[in-house]
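**Q** pasting a predicted model and its sequence here:
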Amino acid sequence: MPRFAASAIAGVLMRAHAPLMPPPSRAFAGLAAARLPFLHARAAAASPYSSPRLCLLPWLGSSRSFCSVARASLDGAAADSAAEERLQESELIFLGTGTSEGIPRVSCLTHPTKSCPICTKAAEPGNRNRRRNTCILLRHAAPSGTANILVDAGKFFYHSALQWFPAFGLRAIDAVIITHSHADAIGVSALQFNIINEEPFMVHNLEVIPLPVWHGKGYRSLGFRFGDICYISDVSDIPEETYKLLENCELLILDALRPDRSSSTHFGLPRALEEVRKIKPKKTLFTGMMHLMDHEKVNDDLAKLMETEGLNIQLSYDGLRIPVRL
Ligand SMILES: [Zn+2]
Ligand SMILES: [Zn+2]
């Protein structure tokens, strides 16, 4: 196994609202600035252990203002305390759970003769078959403050952010970790990166353990372990040495592209299930589904595995939020 995964890169985004700071005295392994379509960020001093926040809205810089605005967006005292409670726990938010092309597929909706039942459903707003590129946001609530850590920002990221950031009161990104260099993982581009080797690293006081996997022959992607949560969005094979990093996994989030078979670059459902039986996580959520995976039908089938084998497995969906302990 090569020591470095050339395709695995991460960037820590910088504070946007602050006045221009002096040049970095100790750059985060050469990392500098970020530009997203809806914001501008400036390079600033950074270390792997304490990176300033990047704010989507420049006048909201600190964790405190993030909290107060999130609270203000909810109505009444009950909502206020619910929001307060929410902000004190860590959580995982699925911003995208679909394959590269997105669901519904444009080609399914415009086909002159065939109609695709799943893409037709997915075209309805709010339907759980509607999926954008795989992307999670981990809100790490720590005594020192809350950090929003994004895993992947693919070509549909703007649309995910547009829908889910207001819905979940998200106003800042503190770090971005990229699994691999495909456009559905790194589509927003113009970030400047530092390469992750396959050793554990720290992001905002949270230890992140890379989970090296194959994503097609000879191409490496990384999954990541945060506490007892393991996230592997793009995988066709798991090297033997990665299994030990997956031990005692509480929640496994795993690639499952299609219902019938694997592709050369992704697990299909049968292989993903085999891996779940081998890894034995307490709970599994599949992600990265293409249009052949009907949310309700596949979930009904998966629910039967609870009865027959005691396996707790479901499909994730865009907008799913789970409280987590890190
Ligand atoms: Zn379709
Ligand atoms: Zn990929």
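**A** Cool, got the structure. Ligands and ions are numbered 1, 2, ... in the order given.
**Q** and the residue of the stretch 201-326 of the chain found nearest ligand 2, its phi and psi?
**A** Distance from ligand 2 to each residue of the stretch 201-326 of the chain (Cβ to the ion) is smallest for Asp234, at 4.4 Å. Bear in mind the C-beta positions are built from the backbone N, C-alpha and C, glycine included. Taking degrees, to the nearest 10, you get phi -140, psi 100 for the backbone angles of Asp234.
**Q** now it: how far from Ser100?
**A** Distance of Asp234 to Ser100, given as Cβ to Cβ, to the nearest Å: 9 Å.
**Q** who touches both of the two?
**A** Here Asp234 and Ser100 have His182 as joint contacts, going by Cβ atoms under 8 Å, 6 or more residues apart in numbering.
**Q** of the two, who's got more company?
**A** Neighbour totals were compared for Asp234 and Ser100, and Asp234 leads with 30 against 20 (other Cβ atoms under 10 Å).
**Q** quick one on the thing from earlier: from what I see, the residue of the stretch 201-326 of the chain closest to ligand 2 and Ser181 are in contact.
**A** No: contact criterion Cβ atoms under 8 Å: Asp234 and Ser181 do not qualify, at 10.6 Å.
**Q** all the helices of this protein, residue numbers only.
**A** For the chain, the helices defined by DSSP state H cover 63-72, 76-88, 106-109, 117-122, 157-167, 183-186, 240-243, 269-279, 295-309.
**Q** mind listing what Tyr231 touches?
**A** So Tyr231 contacts 136, 151, 211, 223-225, 253 (Cβ under 8 Å, 6+ apart).
**Q** give the bridge partners for it, please.
**A** In this entry, Tyr231 is beta-bridged to Phe224, Ile253, by DSSP bridges.
**Q** on the pLDDT front, check Trp214 for me.
**A** Looking at Trp214, its pLDDT is 98.
**Q** can you get me a residue count around the residue lying closest to it once chain neighbours are set aside?
**A** Take Trp214 and drop its neighbours on the chain: the residue closest to it by Cβ to Cβ, 6 or more residues apart in numbering is Asp237, 4.1 Å away. Burial measure for Asp237: 15 neighbouring residues, criterion other Cβ under 10 Å.
**Q** so, low pLDDT: which residues of the stretch 151-300 of the chain?
**A** Across the stretch 151-300 of the chain, the ranges flagged by pLDDT under 70 are 188-192.
**Q** who's in contact with the residue in it that ligand 1 sits nearest to?
**A** Residue nearest to ligand 1 within the stretch 151-300 of the chain: His291 (3.5 Å; Cβ to the ion). By Cβ under 8 Å, 6+ apart, His291 lies in contact with 103-105, 108, 116, 118-119, 122, 129.
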